[in-house]
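Participant: Show me how the following folds:
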Amino acid sequence: MSSTLYDITGRFAELFDAFDAINDYEPDTNADGEYIDDDGEVIADLEAYKADMLTMWFDTLEGIEGEFNEKAENVACFIKNLEREADSHELEAKEQTARAKTKRKKAEFLKKRLLQDMQAMKLKKVDMPRAKITFSEGCDRVIIDDERKFIDYAEAYNDSLINYSDPTIRKSEVKKLLDSGEKLPAVHLEKKPYITIK
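Facilitator: As a prediction, this is how the structure comes out:
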């Protein structure tokens, strides 16, 4: 059965725990005071025995690393493919949005032109098989002649006429101050680990 990256990572962690155990290894002794292994066999040379255990440990590590690297490579290739597809979709979406804006502008221009032509012809309605066009005076809409002047007025006499947006934090400026050693309340720097795939 194929191991997942999660399984391999778990085995990797267990292996490093085993490394500490090997270095701290103190075998039991028999009645004669000789070191014995888990099967009760006498260990003639403890240092050589530990060296053999470490050799097996490194062999296992190499195997796990190789398996992990292969799985990680497959995942990384899949990530690269997904990112390429996402880039392609984003580019396509931008192009589609740009095309849509162009079409929308053209439609608005033609609507205004048609409106002017109907006004000039004094027509209220054009009823044809493929399109029905109705002229309407429309409803009143607000046109701001001088935005600054109106805001000054509203702030002084009726601030319910304007929206105030919540302040936003300029993180780049905050980072500069923190980097320079300045202490600021309720904020800290934190590294965000990431991987780069090429």
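Participant: List the buried residues of the lowest-mean-pLDDT helix or strand in the chain.
Facilitator: Every helix and strand in the chain was compared by mean pLDDT, DSSP states H and E; the lowest is helix 5-23, with a mean of 75. The neighbour-count check on helix 5-23 (16 or more other Cβ atoms under 10 Å) flags 8, 11-12, 15, 18 as buried. Just so you know, the C-beta spots here come from the backbone N, C-alpha and C atoms, and that holds for glycine as well.
Participant: can you redo these as TSV with distance to E147?
Facilitator: Shown next, in TSV, are the buried residues of helix 5-23 (distance: Cβ to Cβ, whole Å):
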residue	distance to E147
I8	62
R11	66
F12	62
L15	68
A18	71
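Participant: Tell me the one of the residues you listed nearest E65?
Facilitator: F12 (8.0 Å; Cβ to Cβ).
Participant: Quick check, the closest one in contact with I64.
Facilitator: Yes: assessed by Cβ atoms under 8 Å, F12 is found in contact with I64 at 5.6 Å.
Participant: before we move on, the earlier item: just checking, what packs against the least confident helix or strand of the chain?
Facilitator: helix 46-121 (3 or more Cβ pairs under 8 Å, 6 or more residues apart in numbering; DSSP states H and E).
Participant: tell me the SS of the residue located most distally from the centre of the chain?
Facilitator: Most distant from the centre of the chain: D32, at 63.7 Å, with distances by Cα atoms, centre = their mean. At D32 the chain is in coil, as set by DSSP: H, G, I helix; E, B strand; the rest coil.
Participant: No further queries at this time; thank you.
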